[in-house]
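Novice: For reference, the sequence and a predicted model appear below.
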Amino acid sequence: LNERYLGLPTEVGRTTNGAFKYLKDRVWNKVQGWIEQTLSAGRKEALIKSVAQAIPTYTMGCFRLPRGLCDHINSLLRKFWWGSKRGERKTSWVAWGKIVQPKYIGGLGFRDIEMFNLALLARQAWRLLIRPQSICSQILKAVYFPSSELLNASVGNNPSKTWRAICDGIDVLKQGLIKRIGDGESTQIWGCNWIPRTGMYKPLSSKVPYPPTRVCQLFDHTSMTWKSDIVRHYFSPMDSEAILQIPLSLRKQEDCWAWHHERNGLFSVRSAYRMLIQAKKSREDYFESRASCSDIETRQKEWKHLWGMQLPSKIKVFCWRLALNSIPTGKVLKSRNLATTAECKICGAGEDSWEHALLHCTVSRCVWALVDEEITELLATLRISDPKHCALFMCCNIPQVEGIRILITCWAIWHARRKAIHEGVFL
């Protein structure tokens, strides 16, 4: 037999690394050719997203890739993104876990290969759920779960790699799956997701013993309205308010499954991936005791505004790095033990912070002196020490034309500093 048929390996045994080695080779062949070229950050971003990370997509829709392979592909892309010199990888100024987050929460929007793999497998599970009469669904049901439903199916004994992958997709699907209430006959109150709210889709618990078991017992079928007295009697105030806000249809229709993270109720890989990334970030923040933002929606709007500005991609990436305090100033280099001192290599100042490099250094002052007086007065009145707040303030809180000019000037100053420090070229 051929090693692959229709782009997929024909035989996947217990050791899967060899079966999927061709993916690693294809990604490396692409990246190896790009490394030799001098590309801007914008071009690198486009190549990674549209070419390199698209290579394993077809295979990931059918199989669960080994974690080691996913990490290896991520390492190849990370090496290309940050660059290499004489075969040695350069410093990664931002953690890869931050880079793979969506842009609206402060990442670059690169895909986490493992999380995207799970999102694609969840799509397969969704198709089996909403199309039980398809040939594929009937065959899998006859072999793996003849006496149960898909959502309750187990891996079983000696399963195929495809079924193992689908079971992983089912586990992901359950995290965002809810019942849309029609007649309420088939929805169990305490064992099914049916309350459309953020977080927990089931009621917490009953206030009194012997509660009703099906949703149809909670509303009047004549007027199709909730029995508010019964709902408040059995459920906690938080649950009862969420239940009473669920609209009921006047037409006779059965309950149906829906995807909570899309308004139309239809599953999408994009929303599933974002759900997984957000859940992963929340777990990491919890275990590392990191404080979360108090106004998440405002911060998300600010990030979206940054990426939506009419600027070249390389300047947007520079602003993103500035917001994360990851541009290699003397202070950052010293904090990472990459330099013995934090002094400025241009003017000799004691501490080369982002503020000093872009605003207060001798070279920077000469550049800002050539800019309009209104902009220099604005910069002089700024008292923002946090680089994230400063970068997002430039994007969202001042007129767009002035904000663009300030950000472009900051990028030009930083570019000139790097030329002077590393190449001895004074522009």
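Specialist: Thanks, I have it.

Novice: Could you list the low-pLDDT ranges of the protein?
Specialist: Scanning the chain for pLDDT under 70 picks out 1-7, 10-17, 36, 85-88, 291-294, 426-427.

Novice: residues touching residue 395, list them.
Specialist: Applying CB atoms under 8 Å, 6 or more residues apart in numbering, one finds that residue 395 lies in contact with 302, 305-306, 309, 319, 403, 407. Just so you know, the C-beta spots here come from the backbone N, C-alpha and C atoms, and that holds for glycine as well.

Novice: how many neighbours does the residue nearest to residue 391 when sequence neighbours are not counted have?
Specialist: Spatial nearest neighbour of residue 391, excluding adjacent residues (CB to CB, 6 or more residues apart in numbering): residue 323 at 4.0 Å. Counted with other CB atoms under 10 Å, residues neighbouring residue 323 total 22.

Novice: Settle this for me: residue 323 is touching residue 387, isn't it.
Specialist: Yes - with contacts defined as CB atoms under 8 Å, residue 323 counts as touching residue 387 at a distance of 5.9 Å.

Novice: one step back: can you tell me which of the contacts of residue 395 lies closest to residue 37?
Specialist: For residue 37, the nearest member of the contacts of residue 395 is residue 319. The distance, counting by CB to CB, is 24.1 Å.

Novice: what's the helix or strand for that closest one?
Specialist: Remark: residue 319 resides in helix 313-323, with elements defined by DSSP states H and E.

Novice: For that helix, name the packing helices and strands.
Specialist: Judged by 3 or more CB pairs under 8 Å, 6 or more residues apart in numbering; DSSP states H and E, helix 313-323 is in contact with helix 41-50, helix 296-307, helix 387-396, helix 400-418.

Novice: Next one: residue 340 relative to residue 185, how far apart?
Specialist: In this structure, residue 340 lies at 73 Å from residue 185, with CB to CB, to the nearest Å as the measure.

Novice: Same drill for these two, tell me which one is more crowded.
Specialist: Under the criterion of other CB under 10 Å, the comparison of residue 340 against residue 185 puts residue 185 first, with 11 against 8.

Novice: Could you dump the helices and strands packed on helix 313-323 into a markdown table and include distance to residue 213?
Specialist: Rendered in a markdown table, the data for the helices and strands packed on helix 313-323 read as follows (distance: least, CB to CB, whole Å):
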| stretch | distance to residue 213 |
| --- | --- |
| helix 41-50 | 48 |
| helix 296-307 | 37 |
| helix 387-396 | 50 |
| helix 400-418 | 57 |
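
Novice: which one of the ones you listed lies closest to residue 314?
Specialist: Smallest distance to residue 314 across those (CB to CB): 4.6 Å, for helix 41-50.

Novice: which helices and strands sit right next to that closest one?
Specialist: Using 3+ CB pairs under 8 Å, 6+ apart as the contact criterion, the secondary-structure elements in contact with helix 41-50 are helix 21-35, helix 67-82, helix 313-323.

Novice: Buried residues, it. List them.
Specialist: By 16 or more other CB atoms under 10 Å, the buried positions in helix 41-50 come out as 41, 44-45, 47-48.

Novice: just stretch 314-321 next, same as before
Specialist: For stretch 314-321, using 16+ other CB under 10 Å, the buried residues are 314-321.

Novice: for stretch 127-138, same thing?
Specialist: By neighbour count, with 16+ other CB under 10 Å as the criterion, the buried positions of stretch 127-138 are 128-129, 137.

Novice: now stretch 212-225
Specialist: Of the residues in stretch 212-225, those buried under the neighbour-count criterion (16+ other CB under 10 Å) are 214-216, 218-219.

Novice: what does it contact?
Specialist: Contacting residues not belonging to stretch 212-225 are listed as 181, 183-185, 187-190, 194, 226-227, 230-231, 234, 243, 248-250, 255 [CB under 8 Å, 6+ apart].

Novice: Only the C-alpha atoms, please, for it, written as CSV.
Specialist: As requested, C-alpha coordinates have been extracted for stretch 212-225 and formatted as CSV (Å, rounded to 0.1, in the frame of the first residue of the first chain):
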residue,chain,number,x,y,z
PRO,A,212,-39.3,18.5,38.5
THR,A,213,-37.1,16.6,36.2
ARG,A,214,-38.0,17.9,32.7
VAL,A,215,-38.1,21.4,31.4
CYS,A,216,-41.6,21.0,30.0
GLN,A,217,-42.9,20.9,33.6
LEU,A,218,-41.7,24.5,34.1
PHE,A,219,-43.9,26.4,31.6
ASP,A,220,-47.6,26.7,30.6
HIS,A,221,-48.1,24.9,27.3
THR,A,222,-51.3,26.9,26.5
SER,A,223,-49.7,30.4,26.7
MET,A,224,-46.1,29.2,26.3
THR,A,225,-44.9,31.2,29.2
